[in-house]
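S.K.: Predicted structure and sequence below. I'll ask about it afterward.
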Amino acid sequence: MNPTLPEGLYVITADALCQHLDTLLHGVEAALRGGAVLVQYRDKHASPPQRMTRARALRRLCDAHHCPLIINDDVALACEIGAAGVHIGQRDGAVATVRAQLGCSGWLGVSCGDDLGRARAAVAAGANYVAFGRLFPSRSKPDAPLARLTTLSTAADSLSVPVCAIGGITPPQVAIVRHHGARLVAVIDGVFGAPDIEAAAQAYTDALATYNRDLPSA
């Protein structure tokens with residue numbers, strides 16, 4: 001069984017980053033140096049052999065940095081390379097089916113938009129975390145429906161699994177989503193669209209650390 005899901009910066013590979021293996025590896029390594037605690041390999045344009053090669057290389061890189069690797073929407077690939085888990089969207093198959101294919105030891109994340117009902121059903125079917133978004137204007141998915149911060153906080157208060165926030169989150173907004181219960185802050189363009197990927201990741205990591213440090217003591 002995988003250990004407990006980490007909390008913090010969750011980076012998701014951008015389309016431009018995935019065009020070349022070297023670019024992908026250098027970019028992800030920079031994000032890891034900047035403090036990313038979870039990496040998702042999302043690549044909608046590569047051929048199956050390319051995806052296999054890239055996923056294997058990312059697995060080796062993430063292992064070297066002691067960071068789990070999640071595969072987007074491809075449970076067979078996740079199982080083949082021994083990834084930590086898989087993440088599925090709202091049109092990527094039934095959660096229970098993916099859980100059965102993945103087995104009990106892999107993490108399963110599910111995108112839920114602004115839909116608490118989908119999140120509850122996903123958790124009941126075996127999801128280990130649920131993601132809500134987009135929460136703010138997003139360059140990666142500008143046309144995605146808007147999710148409400150109140151949905152995020154209700155999910156965090158009522159569900160038994162970690163909640164992930166995604167969609168246009170900038171470092172100054174980290175405190176907002178953390179305040180509403182997000183334990184994972186997922187970022188695509190905010191890290192991989194930056195001219196200095198490591199510095200961009202570090203800005204999110206610093207914002208998370210500042211929020212945690214400013215929490216009142218129990």
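M.R.: Arrived safely, thanks for sending.

S.K.: Mind checking what secondary structure residue 40 has?
M.R.: Residue 40 carries the three-state label strand when classified by DSSP: H, G, I helix; E, B strand; the rest coil.

S.K.: Do I have it right that it meets residue 70?
M.R.: Yes: Residue 40 lies in contact with residue 70 (Cβ atoms under 8 Å); the separation is 4.3 Å. Where C-beta positions appear, they are placed from N, C-alpha and C, glycine not excepted.

S.K.: Give the residues shared as contacts by those two.
M.R.: residue 87 (Cβ atoms under 8 Å, 6 or more residues apart in numbering).

S.K.: now residue 45, nearest residue through space, not along the chain?
M.R.: residue 15 (6.6 Å; Cβ to Cβ, 6 or more residues apart in numbering).

S.K.: so where do the helices sit in this protein?
M.R.: 21-33, 48-64, 75-81, 95-102, 116-124, 149-158, 174-179, 189-192, 197-214 (DSSP state H).

S.K.: low pLDDT regions in this protein?
M.R.: 1-3, 92, 216-218 (pLDDT under 70).

S.K.: and with 90 instead?
M.R.: Within the chain, the segments meeting pLDDT under 90 span 1-4, 90-93, 103-105, 137-145, 212-218.

S.K.: out of the helices of the chain, deepest packed?
M.R.: helix 189-192 (a mean of 24; mean count of other Cβ atoms under 10 Å).

S.K.: chain center to it, what's the gap?
M.R.: With Cα atoms, centre = their mean, to the nearest Å as the basis, helix 189-192 stands 13 Å off its chain's centre.

S.K.: what do you get for stretch 132-152?
M.R.: 14 Å.

S.K.: For the residue nearest to residue 45, the count of nearby residues, please.
M.R.: Residue 15 has 15 neighbours, counted by other Cβ atoms under 10 Å.

S.K.: how near is the nearest residue to residue 188 once chain neighbours are set aside to residue 148?
M.R.: The shortest distance from residue 188 to any non-neighbouring residue, by Cβ to Cβ, 6+ apart, is to residue 140 (4.3 Å). In this view, residue 140 and residue 148 are 19 Å apart by Cβ to Cβ, to the nearest Å.

S.K.: Show me which of those two is the more surrounded one.
M.R.: Taking neighbours as other Cβ under 10 Å, residue 140 and residue 148 compare with residue 140 leading, 19 against 12.

S.K.: thought the more buried one was touching residue 189?
M.R.: Yes: using Cβ under 8 Å, residue 140 is in contact with residue 189, at 4.7 Å.

S.K.: who touches both of these two?
M.R.: With Cβ under 8 Å, 6+ apart as the test, residue 140 and residue 189 both reach residue 14.

S.K.: what's the spacing between the closest residue to residue 87 other than its chain neighbours and residue 74?
M.R.: The shortest distance from residue 87 to any non-neighbouring residue, by Cβ to Cβ, 6+ apart, is to residue 109 (4.0 Å). Note on residue 109: its distance to residue 74, by Cβ to Cβ, is 13 Å.

S.K.: which one of these two has more residues nearby?
M.R.: residue 109 (27 against 22).

S.K.: Which residues are in contact with that one?
M.R.: Residues in contact with residue 109 (Cβ under 8 Å, 6+ apart) are 70, 85, 86, 87, 88, 127, 128, 129, 130, 131, 164.

S.K.: ok, 10 Å please
M.R.: 5, 10, 38, 40, 70, 72, 85-89, 122, 127-131, 161-162, 164, 184, 186 (Cβ atoms under 10 Å, 6 or more residues apart in numbering).

S.K.: Nice, that's everything, thank you.
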